[in-house]
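Asker: For reference, the sequence and a predicted model appear below.
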Amino acid sequence: MIALTERSALFAIKHRLLPVLIILLAHSIAQSQAAPAASLDSTPWQPKIHFYAPPRWINDPNGPILLNGQYQLFFQYNPLGDSPGHISWGHSTSSDLVHWKQVSVALPEADGMMIFSGSTVEDRDNTSGLCAAPGQTPDQSPGQKSPGCLVAIYTAASKDKQNQNLAVSLDGGTTWTKYSGNPVLDLGLKDFRDPKVFWHAATQSWVMVVAIPDRHEVRFYHSKNLRQWEMGGEFGPAGATGGVWECPDLMELPVREPAGKRDALGKIVASRWVLSVNLNPGGPQGGSADQYFVGQFDGAHFTEDHPGSGPHWADWGKDFYASTSFSNTPPGQDRLWIAWMGNWDYALKAPSLPGRGEMTAARKIYLRQPADLSRATPSQEPLLLVQQPVLSTPSFKPSQAMFGASPYQTIAQANEHIAEKKLAGNVYLLRVTLDPGDAAEAGVRLRRGTLNPNEPAQEETVVGIDRETGRIFVDRARSGKSDFSPEFPSRVWAPLKHSQANSIRLEIVVDRNSVEVFAEDGETVFTELIYPSATSDGISFYSTPTPPGTGPALVRGVEFIPLD
């Protein structure tokens with residue numbers, strides 16, 4: 001949920017206001033995401049297509065769930081300021097995962113207990129007995145149908161102890177009542193947090209995966225009623241252990257065949273379980289990160305397919321943390337997840353949006369077999385986690401959005417099209433297939449300080465392929481404001497999974513203060529915050545020079561789709 005040092009700082013903040021005052025104040029400041037009426041020049045970093053909560057602090061997403069056609073998102077929230085403290089659960093809703101409406105504080109801190117991360121489930125069969133009519137005790141009404149009743153499972157955190165608690169909502173998440181029998185799981189530990197709960201159909205029981213952070217351990221508990229829990233197995237230490245383990249998740253995902261030349265999906269051939277464990281510090285770029293393990297789960301024990309093969313990183317950027325999947329998605333629908341776009345290395349120092357903290361774009365996720373395997377079983381080779389952004393794109397506009405649909409073009413030709421069509425913006429989706437040719441380096445420069453694609457820019461964020469090292473990278477060293485932390489300006493990279501491929505697909509989501517890169521059909525992903533000037537809207541392709549007689553860098557299938 002929160003790194004050890006930050007968590008200690010939270011409790012150093014004096015509780016100056018009564019919980020009831022916090023509730024009243026939080027309700028008075030609940031507002032839609034577009035609330036601040038300020039010019040773009042004065043607030044150039046307000047996200048347009050990502051959730052944030054001006055003018056307050058937010059971090060980890062909690063308990064995202066689909067209910068009655070609406071996505072409910074809860075999140076770590078300080079209703080009183082734009083830095084960590086008074087941590088409660090905020091609440092927002094969306095019909096499309098892009099446009100969010102902030103509702104109110106769902107679970108406020110109270111009695112010296114902050115509300116750390118957790119999850120929500122729909123207890124439609126009232127297994128808990130907590131979804132009964134008023135006046136009935138939990139043991140009087142188990143099994144009654146209770147569609148729309150939500151149960152939150154969260155960590156209550158004091159200075160010296162963390163344990164797992166329940167709260168129930170009978171109105172779809174708007175108002176909540178904490179369970180009088182809390183805590184439901186208490187090991188007497190200072191660090192024991194972030195329960196993710198789901199229904200396991202094979203064993204007809206609820207499963208909780210929860211972290212013991214300083215031991216690099218995840219435990220699995222099971223229950224028939226959400227109130228009494230029995231321990232099953234445990235997992236860890238494994239993979240990366242350079243920091244505490246937090247915000248675990250466990251989900252069964254489909255396994256697809258390798259993507260074809262024109263089909264990025266591939267046929268479903270199997271399923272496997274993915275255990276996601278967030279780590280802070282110790283990520284591949286320093287600070288916070290998310291690693292995952294692939295294997296099998298029997299309702300009590302998780303068995304990794306390839307022990308020692310990791311760490312496997314869900315995201316190679318610096319700003320993807322505390323990921324969690326959406327509950328209640330119907331069978332056959334893509335599994336979705338979302339994360340906090342931030343890094344504890346500099347989150348407290350980041351410029352105001354106003355407010356601090358935001359979420360990544362929601363992403364659909366699945367597993368893919370490596371390309372060199374045709375009909376291999378999932379246990380023969382490590383499977384690849386694939387992520388693709390979920391965006392409600394506007395109606396397609398051929399005059400604005402596309403050029404060079406089929407044949408490859410040189411970098412110079414592509415930039416001529418950019419200049420001719422005056423392509424520019426700060427909120428858009430860019431799709432392109434890039435062939436580096438014999439160039440040592442080739443890529444695309446985003447959020448540039450000039451609209452002329454052939455002119456040098458003082459500000460820009462670069463996404464490129466380093467052919468000589470077989471890497472893909474994102475360089476934000478000159479992306480805009482970066483002097484608030486020495487850890488922020490950086491060039492981050494990941495090894496290309498298909499380094500011999502002649503063409504590399506890139507799908508890039510650009511917002512006013514972020515770049516999310518989905519490369520190699522979603523197998524290699526970067527999430528990066530940036531803080532450019534409001535006027536830095538330029539875009540251009542580039543490559544290093546190639547000797548005469550060698551193959552130049554080429555681009556194909558360029559789509560530029562404005563999202564604002």
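Answerer: Looks like it arrived, so ask away. Residues are numbered from 1 along each chain as shown.

Asker: Excluding covalently adjacent residues, which one is nearest to the one residue sitting closest to the centre of the chain?
Answerer: Closest to where the C-alpha atoms of the chain average out (CA atoms, centre = their mean) is Ala339, at 2.3 Å. Nearest residue to Ala339 in three dimensions, chain neighbours excluded: Ser323, at 3.9 Å (CB to CB, 6 or more residues apart in numbering). Where C-beta positions appear, they are placed from N, C-alpha and C, glycine not excepted.

Asker: Can you report how many residues neighbour the closest residue to Val555 other than its chain neighbours?
Answerer: Of all residues not flanking Val555 in the chain, Ala414 sits nearest, at 4.9 Å (CB to CB, 6+ apart). Neighbour count for Ala414, taken as other CB atoms under 10 Å: 24.

Asker: Am I right that Ala414 is in a strand?
Answerer: No. Looking at Ala414 with DSSP: H, G, I helix; E, B strand; the rest coil, it is helix, so not inside a strand.

Asker: Neighbouring strands of whatever helix or strand the residue nearest to Ala339 lives in in the sheet, and parallel or not?
Answerer: According to DSSP states H and E, Ser323 maps onto strand 321-325. Its sheet considered, strand 321-325 pairs with strand 335-340 (antiparallel) by DSSP bridges.

Asker: what stretches of the chain score poorly on pLDDT?
Answerer: 1-42, 133-143, 260-264, 372-379, 395-406 (pLDDT under 70).

Asker: Can you show me the helices along the stretch 251-400 of the chain?
Answerer: Using DSSP state H, counting those that start in this stretch, the helices found in the stretch 251-400 of the chain span residues 398-401.

Asker: How about the stretch 1-150 of the chain?
Answerer: 4-12, 19-29.

Asker: my guess is Thr303 meets Gly295, correct?
Answerer: Yes. Using CB atoms under 8 Å, Thr303 is in contact with Gly295, at 5.0 Å.

Asker: Please say which of these two ends up with more neighbours.
Answerer: Gly295 (19 against 13).

Asker: Can you name the residues bridging to the more buried one?
Answerer: Going by DSSP bridges, Gly295 forms beta bridges with Trp273, Glu304.

Asker: ok, it touching Gly310?
Answerer: No. In this structure Gly295 lies outside contact range of Gly310 using CB under 8 Å: 11.4 Å.

Asker: Need the nearest residue in space to Arg227, chain neighbours excluded.
Answerer: Val184 is the one closest to Arg227 (CB to CB, 6+ apart), at 5.4 Å.

Asker: correction: Phe293
Answerer: Leu275 (4.5 Å).

Asker: what number of residues lie near that neighbour?
Answerer: Neighbours around Leu275, by other CB under 10 Å: 23.

Asker: mind listing what Lys364 touches?
Answerer: Shown in contact with Lys364 (CB atoms under 8 Å, 6 or more residues apart in numbering): 334-336, 387-388, 390.

Asker: For those, which entry has the maximal number of neighbours?
Answerer: Gln387 (23 neighbours).

Asker: Quick check: the gap between the closest residue to it other than its chain neighbours and Phe488.
Answerer: The shortest distance from Gln387 to any residue other than its chain neighbours is 4.4 Å, reached at Arg363 (CB to CB, 6+ apart). The gap separating Arg363 from Phe488 is 24 Å, by CB to CB, to the nearest Å.

Asker: can you pull out the strands in the stretch 1-150 of the chain?
Answerer: 57-67, 70-78, 88-94, 100-107, 114-122, 150-157 (DSSP state E, counting those that start in this stretch).

Asker: Tabulate those (CSV), appending mean neighbour count.
Answerer: Formatted as CSV, the strands of the stretch 1-150 of the chain follow (neighbours: other CB atoms under 10 Å):
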stretch, mean neighbour count
strand 57-67, 25
strand 70-78, 25
strand 88-94, 23
strand 100-107, 22
strand 114-122, 27
strand 150-157, 26
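
Asker: got CSV for the ones you listed, with distance to Thr174 too?
Answerer: Converted to CSV, these look like this (distance: least, CB to CB, whole Å):
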stretch, distance to Thr174
strand 57-67, 11
strand 70-78, 10
strand 88-94, 8
strand 100-107, 7
strand 114-122, 13
strand 150-157, 10
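
Asker: list the buried ones in stretch 547-558?
Answerer: 552-558 (16 or more other CB atoms under 10 Å).

Asker: Leu336 against Thr360, yeah?
Answerer: No. Leu336 is beyond contact range of Thr360, at 11.5 Å (criterion: CB under 8 Å).

Asker: where's the residue nearest to Val555 relative to Arg363, distance?
Answerer: From Ala414 over to Arg363 (counting by CB to CB), the distance is 28 Å.

Asker: for Glu487, same thing?
Answerer: For Glu487, the distance to Arg363 - CB to CB - is 25 Å.

Asker: just Gly538 next, same as before
Answerer: Counting by CB to CB - Gly538 and Arg363 are separated by 27 Å.

Asker: Please identify which of those two sits among more neighbours.
Answerer: Arg363 (28 against 22).

Asker: wait, doesn't the more buried one sit right on Trp337?
Answerer: Yes. If you go by CB under 8 Å, Arg363 and Trp337 touch, sitting 6.0 Å apart.

Asker: For Gly437, grab the count of nearby residues.
Answerer: Counted with other CB under 10 Å, Gly437 comes out at 18.

Asker: May I have the secondary structure class of it?
Answerer: Gly437 - assigned by three-state DSSP - is coil.

Asker: Could you measure from it over to Ser543?
Answerer: 8 Å.

Asker: so what sits against both of those two?
Answerer: 552-553.

Asker: coming back round to it: give me the beta-bridge partners of the residue nearest to Gln387?
Answerer: Trp337, Pro389.

Asker: returning to that earlier point: where do the contact lists of Thr303 and Gly295 overlap?
Answerer: Counting by CB under 8 Å, 6+ apart, nothing touches both Thr303 and Gly295.

Asker: Give me the neighbour count for Glu381.
Answerer: Look at Glu381: counted by other CB under 10 Å, it has 15 neighbours.

Asker: same thing with His50?
Answerer: When neighbours are counted by other CB under 10 Å, His50 comes out with 24.

Asker: Asp171 now?
Answerer: Around Asp171 there are 10 residues (other CB under 10 Å).

Asker: Also Pro456?
Answerer: 9.

Asker: Quick one: classify it as helix, strand or coil.
Answerer: coil.

Asker: Next up, the contacts around it.
Answerer: Here Pro456 is in contact with Thr450 (CB under 8 Å, 6+ apart).

Asker: Ok, Gly233 next?
Answerer: 219-220, 300-302.

Asker: How about Ala289?
Answerer: By CB under 8 Å, 6+ apart, the residues touching Ala289 are 240, 278-280, 282-283, 313-315, 320-321.

Asker: Many thanks, I have nothing further to ask.
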